[in-house]
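In: I would like the atomic coordinates for the input below:
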Amino acid sequence: MLDNSTLFVYPGDDGAKLMPKSRYENFIGGEWCAPKDGKYFENTSPTTGKVICEIPRSNSKDIELALDAAHKAAPDWGKTGPAIRANILLKIADRIEENTEMLALAETLDNGKPIREGHAADIPLTVDHFRYFAGAIRSQEGTIGNIDGMQSGGGNSALGMMAYHYPEPLGVVGQIIPWNFPILMAAWKLAPALAAGNAVVLKPAEQTPFSICILMELIEDLLPPGVVNIVQGFGVEAGKPLASSNRIAKVGFTGETTTGKLIMQYASENLIPVTLELGGKSPNIYFKDVMDGDDAYISRCVEGFLHAYFNQGEVCTCPSRAVIHEDIYEPFMAMVEERVNMLNCGTPFDLNTQVGAQASNEQFEKIMSYMDVGVQEGAKVLFGGGKRQMEGSLSGGYYVAPTAFKGDNSMRIFQEEIFGPV
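Out: Below you'll find the predicted structure:
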């Protein structure tokens, strides 16, 4: 961070806390490995639209290599005592906490979110997640129960029908994470899987592969080789071979609903459990009495509306719809617009900035197309409604103005997940 400033030095510039390399590799079996076919793709920063680095464009060959490493590591890792696994997770948490600033910079560079989100929320929550599961695994206990409860003549001994229950690792699990909270979503999946004694093959989203590389560079020495394997690449080329593999015991996926349906289908073909966290279109409902008084309650209601713009609207739980009683609609929306105009929409690398860049050009174009759909359907733009113009090096970034439409329940923009500040 610059002296006496809330502005962080842009990664790669002189004095920056984060200095990206020009190319990263897959992390397999405790080593950084080039993709088997030697293909890479350019990863751009949504903050500027410029290339950060090259990332492996992996395929099924790389997935198989990672699965080999995971299967080799899984038996010994699964037999490792809970106390040892817990201590490793605690060391991971400490290492992440010590490097909060660098990881927050990586998230902003890769994802576009304001650095205040990574610095104050995403990275601290990542730390907490590893510590939580380090504690949780220490409290796991097996149970013994008498099934029928029948006793022999004297009533002092059971007839021999007992039930034993004890937890054990699944083995090797596949995990596919989204681009809206790359490091935090990785922690959500990695921490419980590792705590339970599983080996992992994880595929980051192709839109945000960089920050996971930085995370693994920080913690790679804390884990036995093969326990965590990172394979980069596109969904069809790397994600599908992982999710459809008969060599994994479970698959976890967070992302778009249509893809989630496919992941469930792949899991069903191999009869393995699947965990899905998919999209949403959450509404806030404002009844007439929320404006009965000019107090802290109505202020909280207005802030609740603004949660639609948190993380640039790229959150499945964002209240991306608002249903407002007609008697209070005009004064309430006037308060909302006044508050929206107060949002700081500057450079994402400033701690004061509240709204950053969309995660990719693809997502930016999707949001802009939905705005066109809204206008075509007859929705009224209340504020925003277009690209947010930035200056200097940020002019090529993917910025959208916080937007609100007035419409009705039949419209696509009211029914379909946009995943943007709309």
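In: so who does residue 270 touch?
Out: Counting by Cβ atoms under 8 Å, 6 or more residues apart in numbering, residue 270 touches 244, 245, 246, 248. Just so you know, the C-beta spots here come from the backbone N, C-alpha and C atoms, and that holds for glycine as well.
In: Next: residue 85.
Out: Per Cβ under 8 Å, 6+ apart, neighbours of residue 85: 77, 134, 137, 194, 195, 197.
In: Make a markdown table out of the contacts of residue 270 and add pLDDT, neighbour count and secondary structure.
Out: What follows is the contacts of residue 270, written out as a markdown table (pLDDT from 0 to 100; neighbours: other Cβ atoms under 10 Å; DSSP: H, G, I helix; E, B strand; the rest coil):
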| residue | pLDDT | neighbour count | secondary structure |
| --- | --- | --- | --- |
| 244 | 98 | 19 | coil |
| 245 | 98 | 19 | coil |
| 246 | 98 | 9 | coil |
| 248 | 99 | 27 | coil |
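In: Helices of the protein, residue ranges please.
Out: Ranges of helices in the chain, per DSSP state H, are 60-79, 82-98, 100-111, 115-117, 123-138, 182-195, 210-219, 240-243, 257-270, 296-306, 329-340, 361-376, 412-415.
In: Looking at those, spot the one closest to residue 283.
Out: helix 412-415 (9.2 Å; Cβ to Cβ).
In: Need the CA coordinates for that closest one. CSV is fine.
Out: Only the C-alpha atoms of helix 412-415 are listed here, as CSV (Å, rounded to 0.1, in the frame of the first residue of the first chain):
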residue,chain,number,x,y,z
ARG,A,412,-36.8,-12.0,-18.5
ILE,A,413,-34.7,-9.6,-16.5
PHE,A,414,-37.0,-10.2,-13.5
GLN,A,415,-36.9,-14.0,-13.9
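In: Off-centre distance for it?
Out: Distance of helix 412-415 from the chain centroid (Cα atoms, centre = their mean, to the nearest Å) equals 24 Å.
In: Give the buried residues for that helix.
Out: 413, 414 (16 or more other Cβ atoms under 10 Å).
In: Show me what that helix is in contact with.
Out: Here helix 412-415 makes contact (Cβ under 8 Å, 6+ apart) with 281, 321, 370, 373, 374, 377, 379, 405, 407, 408, 409, 422.
In: what does stretch 19-38 give?
Out: Residues outside stretch 19-38 that contact it (Cβ under 8 Å, 6+ apart): 11-12, 40, 52-59, 61-62, 65-66, 68-69, 72-73, 109, 209-210, 213, 216, 220, 223-226, 228-233.
In: Selection in PyMOL covering whichever of those are buried, please.
Out: Listed next is the PyMOL selection for buried residues among those, using 16+ other Cβ under 10 Å:
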select buried, resi 11+40+52+53+54+55+56+57+58+59+62+65+66+68+69+72+73+109+209+210+213+216+223+226+228+229+230+231+232+233
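In: how about the contacts of residue 270 in JSON lines, adding distance to residue 98?
Out: Formatted as JSON lines, the contacts of residue 270 follow (distance: Cβ to Cβ, whole Å):
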{"residue": "244", "distance to residue 98": "38"}
{"residue": "245", "distance to residue 98": "35"}
{"residue": "246", "distance to residue 98": "40"}
{"residue": "248", "distance to residue 98": "32"}
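In: can you list the weak-confidence ranges in the protein?
Out: Within the chain, the segments meeting pLDDT under 70 span 1-4, 148-160.
In: Which residue, other than its chain neighbours, is closest to residue 91?
Out: Computed as Cβ to Cβ, 6 or more residues apart in numbering, the closest residue to residue 91 that is not its neighbour in sequence is residue 222, at 5.1 Å.
In: just the buried members of the contacts of helix 412-415?
Out: Neighbour counting over the contacts of helix 412-415 (16+ other Cβ under 10 Å) leaves 321, 370, 374, 379, 405, 407, 422 as the buried ones.
In: ok, now which ones touch the last one?
Out: With contacts taken as Cβ under 8 Å, 6+ apart, residue 422 has the following neighbours: 308, 313, 320, 367, 370-371, 374, 384, 400, 403-405, 413.
In: could you redo the last one with a cut-off of 6 Å?
Out: residue 403 (Cβ atoms under 6 Å, 6 or more residues apart in numbering).
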